[in-house]
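okay, sequence plus prediction incoming.
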Amino acid sequence: MIEGLSVRVIRSIDRKLSQDSEAKYRYDGLFRVEEALREKGLNGHLVCRFKLVKLATEEVLSIDAPKDEDFVEPPLPEGNLQPVQTEVMLQRVIRSTAIANSVKQLHDHRCQICGLRLAAGERGYSEVAHIQALSRGGPDIMANVLCLCANCHVLFDLGALLVEDDFSITRNGESADKLLTHPRHIVNPKYLRKHREAYS
């Protein structure tokens with residue numbers, strides 16, 4: 001997912017639904033990993049789950065091209081001068097903007113991990129990261145969010161940044177500084193543990 005590498009997907013076939021009684025598997029093509037997470041399965045063990053998106057034909061052709069001395073790189077995609085808009089139905093968790101805005105204001109848009117304060121002119125910019133992800137049952141409350149810069153937000157979501165119960169930070173397995181805190185923004189260590197468990 002991080003490196004954007006494609007995945008070849010092979011699925012098992014239900015023989016009752018297949019015309020070929022001998023077939024056991026079906027090749028479905030190349031996919032990219034759009035999202036990855038770990039969660040507890042029915043037996044209590046951590047299970048890796050992935051959201052896969054099938055690659056378009058032109059993406060597949062550029063990936064499958066032979067890599068030898070006679071290889072000529074395919075042209076770069078031209079894109080679309082007039083992208084078509086389409087209506088889609090989407091389900092997502094509604095997040096509280098009041099929670100996000102309060103945390104950003106308390107920290108004055110300063111990243112709690114690296115201390116960086118991004119600014120666009122007079123305006124500060126920061127992002128609110130849920131410690132225990134909402135998709136993994138985390139609550140949308142101040143005790144479960146951090147004020148982060150964009151870079152630290154991505155690294156935190158990928159598990160490259162972990163925060164211990166004492167607020168010490170591990171960056172890619174190495175000790176880093178401590179989490180910056182504010183007396184009115186109390187982070188609950190139980191959510192930090194949930195985040196660490198998802199990446200251990």
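Looks like it came in fine. Residues are numbered from 1 along each chain as shown.

now do the same end-to-end measure for stretch 136-153.
One end of stretch 136-153 to the other measures 17 Å (Cα to Cα, to the nearest Å).

after the helix or strand of the chain with the lowest mean pLDDT, which helix or strand is next?
Across the helices and strands of the chain, mean pLDDT, DSSP states H and E gives its lowest value to helix 57-64, namely a mean of 57. With elements assigned by DSSP states H and E, the helix or strand that comes after helix 57-64 is helix 97-106.

pull out the buried positions in that following helix.
99-100, 102-104, 106 (16 or more other Cβ atoms under 10 Å). (Each C-beta comes from the backbone N, C-alpha and C, glycine too.)

stretch 29-45 too?
Within stretch 29-45, the residues that count as buried by 16+ other Cβ under 10 Å are 30-33, 37.

and which of the buried residues of helix 97-106 is nearest to residue 163?
Sorting the buried residues of helix 97-106 by how near they are to residue 163, with Cβ to Cβ, puts residue 103 at the top with 15.1 Å.

the closest one against residue 129, yeah?
No - with contact defined as Cβ atoms under 8 Å, residue 103 does not count as touching residue 129 (9.8 Å).

for this protein, which segments count as helices?
According to DSSP state H, the chain carries its helices in the segments 57-64, 97-106, 150-157, 189-198.

mind putting these into JSON lines with distance to residue 86?
Output for the helices of the chain, formatted as JSON lines (distance: least, Cβ to Cβ, whole Å):
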{"stretch": "helix 57-64", "distance to residue 86": "19"}
{"stretch": "helix 97-106", "distance to residue 86": "27"}
{"stretch": "helix 150-157", "distance to residue 86": "28"}
{"stretch": "helix 189-198", "distance to residue 86": "33"}
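
and residue 49, which of these is closest to it?
helix 189-198 (11.2 Å).

by contact count, what packs against that closest one?
Counting contacts by 3 or more Cβ pairs under 8 Å, 6 or more residues apart in numbering; DSSP states H and E, helix 189-198 packs against strand 25-40, strand 161-163.

can you do 6 Å?
Helices and strands touching helix 189-198, as assessed by 3 or more Cβ pairs under 6 Å, 6 or more residues apart in numbering; DSSP states H and E, are absent.

what are the buried residues along it?
191-196, 198.

what about the residue lying closest to residue 107 once chain neighbours are set aside, distance to residue 80?
Excluding the flanking residues, the one nearest residue 107 by Cβ to Cβ, 6 or more residues apart in numbering is residue 147, at 4.1 Å. As judged by Cβ to Cβ, to the nearest Å, residue 147 and residue 80 stand 37 Å apart.
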